[in-house]
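K.L.:
Provided below for reference: sequence and predicted model.
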Amino acid sequence: MEIPPKLKEYIDNHRSVYRGSLQPIIDPDEPLQMDSLGLIRLVAFLEKEFGYWIEDEELMADNFATLRQIGILLATKTPTGPPAEAKLPGAVGPSASPSPDYGTAS
C-alpha cells in the first residue's frame, strides 16, 4: 500500500515530541524512530483522519517501525471513513428551533 501524502506529512511532523529533531523520511525502509507518545498520536490520527481501527494486538513496534511496515498493516484493513462528529443529546444545532428574542421592547 502506498502511504497517503497526508499520513507521511503527519509522521514527518509528529513522530517525536521534540519537533524538528528528526529529518523527514525519504526511504520507506528507514526506521521511523518514533517515541511512544508519537505512536499513540499516530494511531489516533489514523482513526480520526482515515477511519483505520488499530487493534490492541497490533500495537507492536514492528508494525510501526518503517513507512513500509505501516503500509503493510494498513493494507490489511478497510477504512471505515472518518467518524462523524458526535452530538450530545439535547445539543443545540441548526435543526433546533430558534431561541426566543429577548431584544429591545417596541
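P.N.:
Happy to help now that I have it.
K.L.:
P31 contacts F64, correct?
P.N.:
No. Applying CB atoms under 8 Å, one finds P31 not in contact with F64, separated by 10.2 Å. Every residue, glycine included, has its C-beta placed from N, CA and C.
K.L.:
From the neighbour counts alone, determine which of the two ranks first.
P.N.:
F64 (21 against 11; other CB atoms under 10 Å).
K.L.:
In contact with that one, which residues are there?
P.N.:
Going by CB atoms under 8 Å, 6 or more residues apart in numbering, F64 touches 32, 34, 39, 42, 70, 73.
K.L.:
Against D62, how distant is the last one?
P.N.:
Counting by CB to CB, to the nearest Å, the separation of L73 from D62 is 9 Å.
K.L.:
what about these two, which has more around it?
P.N.:
More crowded of L73 and D62, by other CB under 10 Å: L73, with 18 against 9.
K.L.:
Show me what whatever helix or strand that one lives in packs onto, helices and strands only.
P.N.:
If you go by DSSP states H and E, L73 is part of helix 67-75. Packing partners of helix 67-75 (3 or more CB pairs under 8 Å, 6 or more residues apart in numbering; DSSP states H and E): helix 5-14.
K.L.:
List the contacts of the helix it packs on.
P.N.:
Taking CB under 8 Å, 6+ apart as the rule, helix 5-14 contacts 19, 24-25, 32, 34, 38, 41-42, 45-46, 49-50, 67, 70.
K.L.:
Which SSE is immediately downstream of it?
P.N.:
Per DSSP H and E, the first helix or strand lying C-terminal to helix 5-14 is helix 36-45.
K.L.:
Check the contacts of helix 5-14 for burial and list the buried ones.
P.N.:
25, 32, 34, 38, 41-42, 45-46, 50, 67, 70 (16 or more other CB atoms under 10 Å).
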